[in-house]
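1. Quick one: sequence and predicted model below, then my questions.
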Amino acid sequence: MKLRWAPGSPFVRKVTVTAIETGLDDRIERMMTDYHQPDSDIIDHNPLGKVPAMILDDGDILVDSSVICAYLDTLHSRHKIIPENPETRHKVLSLEALADGMTEAAINVQRERGRPAEEQSDAVRDKQWGKFERAMDWINANPNVLEGALNIGHIAIATGIGWVEFRMGDILGDWKSQWPTLGAWYDQISERPSFQATIPE
Ligand SMILES: N[C@@H](CCC(=O)N[C@@H](CS)C(=O)NCC(=O)O)C(=O)O
């Protein structure tokens with residue numbers, strides 16, 4: 001299988017961490033993608049023009065990191081990152097959606113900051129950053145969701161925060177003081193080889 005990827009993308013990192021944790025990384029061929037180019041051929045594989053996208057061996061294409069991670073989780077017999085137990089499964093998938101939404105909100109802030117100064121909107125930036133902060137508040141106040149064996153929600157939270165630290169450290173500041181429980185958990189999960197091997201640069 002082939003992965004359309006770009007360096008620095010938190011959603012690509014989420015897929016790569018999942019691939020490493022599930023023992024599948026060696027089976028994935030990488031196709032570097034410059035999605036910023038107006039004529040980027042990513043649209044041949046994803047009409048939305050986004051990475052990650054995965055081309056399966058039979059030619060089928062999967063778009064969106066959640067779908068790709070769920071697919072990878074069907075291909076191995078190690079610990080499942082999406083629990084099969086229906087009682088925990090929906091909670092983990094909801095945590096993943098929260099984390100992905102939080103990351104997308106931060107990306108929207110960064111996109112807004114990249115616009116010409118006279119076109120930037122404080123209202124847009126504050127609204128999107130508010131989503132990020134409320135999600136961080138919620139996770140920090142509900143640390144039970146961080147417990148237990150590694151799951152896709154954990155991977156999505158940590159790869160999302162990793163990207164915000166990497167690209168938006170000036171806004172994020174001393175976040176581990178603001179969200180100490182989450183900060184301590186993040187330090188721990190970041191020590192896993194899958195995270196160490198994928199630090200954004
Ligand atoms: N929900 C998608 C989000 C993917 C996404 O936003 N990728 C960014 C890179 S981090 C992208 O390709 N952006 C290009 C664009 O939006 O045109 C996923 O989880 O894969």
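-> Nice, I can see it.
2. Give the bridge partners for the residue lying closest to Leu48 once chain neighbours are set aside, please.
-> Leaving aside its chain neighbours, Leu48 sits nearest to Val63 (6.5 Å; criterion: Cβ to Cβ, 6 or more residues apart in numbering). In short, each C-beta sits where N, CA and C put it, glycine included. Beta-bridge partners for Val63, by DSSP bridges, are Ala53.
3. What's the separation between Val63 and the ligand?
-> Look at Val63 and the ligand: by Cβ to the nearest ligand atom, to the nearest Å, they are 7 Å apart.
4. Ala70 now?
-> 11 Å.
5. Asp100 now?
-> From Asp100 to the ligand the distance is 5 Å (Cβ to the nearest ligand atom).
6. Quick check: closest non-adjacent residue to that residue.
-> In space, Asp100 is closest to Ala156, 5.6 Å off (Cβ to Cβ, 6+ apart).
7. likewise Gly8?
-> Going by Cβ to Cβ, 6+ apart, Gly8 has Pro200 as its nearest residue, at 5.2 Å.
8. which ones are touching that neighbour?
-> Applying Cβ atoms under 8 Å, 6 or more residues apart in numbering, one finds that Pro200 lies in contact with Pro7, Gly8, Pro10, Arg13, Gly162, Trp163, Phe166.
9. Quick one: classify the fifth one as helix, strand or coil.
-> Put plainly, it is Gly162. At Gly162 the chain is in helix, as set by DSSP: H, G, I helix; E, B strand; the rest coil.
10. Isn't it up against Ser9?
-> No. The pair Gly162 / Ser9 is not scored as a contact, 11.1 Å apart, by Cβ atoms under 8 Å.
11. returning to what we had before: element containing the residue nearest to Asp100?
-> helix 152-172 (DSSP states H and E).
12. Near the closest residue to Phe11 other than its chain neighbours, how many residues? Count them for me, please.
-> Nearest non-adjacent residue to Phe11, counting by Cβ to Cβ, 6+ apart: Ser65, 4.0 Å away. Ser65 has 29 neighbours, counted by other Cβ atoms under 10 Å.
13. In a strand, Leu75, correct?
-> No. If the criterion is three-state DSSP, then Leu75 is coil and not within a strand.
14. contacting residues for it?
-> Contacts of Leu75 by Cβ under 8 Å, 6+ apart are Thr22, Leu24.
15. quick one, phi/psi of it?
-> phi -100, psi 0 (degrees, to the nearest 10).
16. Tell me how far the residue nearest to Phe11 lies from the ligand.
-> Distance from Ser65 to the ligand, by Cβ to the nearest ligand atom: 3 Å.
17. can you count the residues close to the closest residue to Ala19 other than its chain neighbours?
-> Nearest residue to Ala19, sequence neighbours excluded (Cβ to Cβ, 6+ apart): Asp25, at 4.2 Å. Residues lying near Asp25 (other Cβ under 10 Å) number 18.
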